[in-house]
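Visitor: Just the structure for this:
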Amino acid sequence: MKTIQDEYKDKLFNLHQDISAKYAELNAIMLQPQPDTAKAKAVSKDLANLKAQEMDITIDMHARIAKETGVRLPMMPMGMGE
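Guide: Next comes the predicted model:
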């Protein structure tokens, strides 16, 4: 199981980095005295796309673990505040 998780680790790490960057970008927009809501909504859509990619990779990893090891893992939230 650890070997399979390690194979997915880099993909998930890179997505986590991208998601964190998008949250920072969204916060920078929304903390302005007059936030650009159109820009914030565009960043929010980018963020949703990244989170969907993260979930897809996690589902693939869980399915592979189940197939190759017989271990079934519950889907858990990826992090606090996400």
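Visitor: Who are the packing partners of the longest helix along the chain?
Guide: Ordering each helix of the chain by length in residues (DSSP state H) puts helix 37-69 first. If contacts are counted by 3 or more Cβ pairs under 8 Å, 6 or more residues apart in numbering; DSSP states H and E, helix 37-69 sits against helix 2-30. Every residue, glycine included, has its C-beta placed from N, CA and C.
Visitor: What is the helix it packs on packed up against?
Guide: Against helix 2-30 (3+ Cβ pairs under 8 Å, 6+ apart) you get helix 37-69.
Visitor: gap between the helix it packs on and the chain center?
Guide: 5 Å (Cα atoms, centre = their mean, to the nearest Å).
Visitor: Which positions in that helix come out as buried?
Guide: 40, 43-44, 46-47, 50-51, 54, 58, 61-62, 65 (16 or more other Cβ atoms under 10 Å).
Visitor: If I take the longest helix of the chain and helix 2-30, what angle do their directions form?
Guide: 170 degrees (axes from the mean of the first three to the mean of the last three Cα atoms, to 10 degrees).
Visitor: mind checking the SS state of the nearest residue to residue 59 once chain neighbours are set aside?
Guide: In space, and not counting its chain neighbours, residue 59 is closest to residue 75: 7.6 Å by Cβ to Cβ, 6 or more residues apart in numbering. Secondary structure state of residue 75, per DSSP: H, G, I helix; E, B strand; the rest coil, is coil.
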